[in-house]
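Peer 1: Here's a sequence, model it:
(one chain, ligands or ions: 1)
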Amino acid sequence: MKSILIVEDELSISRVLKAYLEKAEYTVEQAFDGDEALEKFAAMNPSLVLLDVMLPGQSGWSILNRIREQSACPVIMLTALGHIDHKLAGLNQGADDYITKPFNADEVVARVKAVLRRSGQVLETDGTKYFGSLRVDFKAHTVTLHGIELNFNPRDLSLLLFLAQKPNQMFTREQLIENVWGMDYEGSDRAVDLAITRIRRILQNWPVSEGEIRTYRGMGYKFCVYE
Ligand code: CA
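Peer 2: Okay, the predicted model is just below:
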């Protein structure tokens with residue numbers, strides 16, 4: 001059974017979300033501030049986190065950062081209506097989706113299902129994901145294929161880990177540079193193409209039937225995997 005952690009200080013909202021998610025057969029835990037959120041996150045290792053931005057004490061963003069330091073667990077941010085910047089900030093900081101308030105609880109359940117489906121690969125409790133015969137360890141920063149560890153240069157490895165953390169999502173070259181190598185990176189977009197070429201060469205024995213890094217001409221790249 002999939003488990004959801006709701007981090008929301010408004011009791012009435014938290015209660016409604018809990019009721020709807022339980023009706024959809026998820027196990028639900030609630031946290032009402034940041035400290036409680038991180039405690040419960042560590043204790044329950046949820047399948048997904050619904051995270052409100054406006055919380056007493058530390059904000060949803062800092063909690064998201066803390067979660068991302070230790071886990072690729074899907075996170076959906078709950079933000080106030082009209083705070084469109086929040087959407088961009090959230091997606092850049094590694095949120096998987098965002099929902100603006102006020103929301104309809106049925107919509108939240110649908111989004112939870114969609115995000116879980118998208119990141120549906122088995123995420124082991126030790127921070128590894130399997131994509132067929134490819135195993136990515138997000139904690140140890142290692143990638144093995146058919147049990148053999150692959151060697152990437154550190155910059156290419158961080159790019160691959162980022163893409164593998166967000167399977168089936170397309171990223172532009174600019175987004176990849178910004179998210180993976182940092183805003184102060186001074187190389188060109190071409191560096192992404194070259195890195196992808198090197199990564200593909202190393203992954204050449206990964207069966208296409210299990211997944212691939214796909215090019216979207218003029219747009220970007222996607223780590224495509226099949227469920
Ligand atoms: Ca709130």
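Peer 1: domain parsing for the chain?
Peer 2: 3-119, 128-225 (automatic domain parsing).
Peer 1: Quick check: which of the ones you listed is buried the most?
Peer 2: Neighbour counts (mean count of other C-beta atoms under 10 Å) averaged over each of those peak at domain 3-119, with a mean of 17. For glycine as for every other residue, the C-beta is placed from the backbone atoms N, C-alpha and C.
Peer 1: what about that domain, near the ion?
Peer 2: Yes. Contact of domain 3-119 with the ion (C-beta under 5 Å from the ion) involves 9, 52, 54.
Peer 1: Which members of these occur in strands, if any?
Peer 2: When the residues of domain 3-119 next to the ion are checked against strands (DSSP state E), the matches are Asp52.
Peer 1: From the residues of domain 3-119 next to the ion, pick the one nearest Glu25.
Peer 2: Glu25 has its nearest neighbour among the residues of domain 3-119 next to the ion in Asp52, at 23.1 Å by C-beta to C-beta.
Peer 1: quick one: contacts for that closest one?
Peer 2: If you count contacts by C-beta atoms under 8 Å, 6 or more residues apart in numbering, Asp52 has them with 7-10, 13, 60, 77-78.
Peer 1: got JSON lines for those residues, with distance to Thr27 and pLDDT too?
Peer 2: JSON lines is the format used below for those (distance: C-beta to C-beta, whole Å; pLDDT from 0 to 100):
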{"residue": "Val7", "distance to Thr27": "15", "pLDDT": "98"}
{"residue": "Glu8", "distance to Thr27": "17", "pLDDT": "97"}
{"residue": "Asp9", "distance to Thr27": "21", "pLDDT": "96"}
{"residue": "Glu10", "distance to Thr27": "21", "pLDDT": "94"}
{"residue": "Ile13", "distance to Thr27": "19", "pLDDT": "95"}
{"residue": "Gly60", "distance to Thr27": "22", "pLDDT": "91"}
{"residue": "Met77", "distance to Thr27": "21", "pLDDT": "90"}
{"residue": "Leu78", "distance to Thr27": "19", "pLDDT": "91"}
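Peer 1: Point out where this structure drops to low pLDDT.
Peer 2: Within the chain, the ranges that satisfy pLDDT under 70 run 81-93, 119-126, 183-186, 227.
Peer 1: and stretch 19-37, how far out from the chain's middle?
Peer 2: 19 Å (C-alpha atoms, centre = their mean, to the nearest Å).
Peer 1: Then stretch 103-117?
Peer 2: The answer for stretch 103-117 is 15 Å, by C-alpha atoms, centre = their mean.
Peer 1: rewinding a little: identify, from the residues of domain 3-119 next to the ion, the entry nearest to Asn205.
Peer 2: Asp52 (44.0 Å).
Peer 1: any idea how far that closest one is from Val7?
Peer 2: 6 Å (C-beta to C-beta, to the nearest Å).
Peer 1: Give the residues shared as contacts by these two.
Peer 2: With C-beta under 8 Å, 6+ apart, Asp52 and Val7 have common neighbours Gly60.
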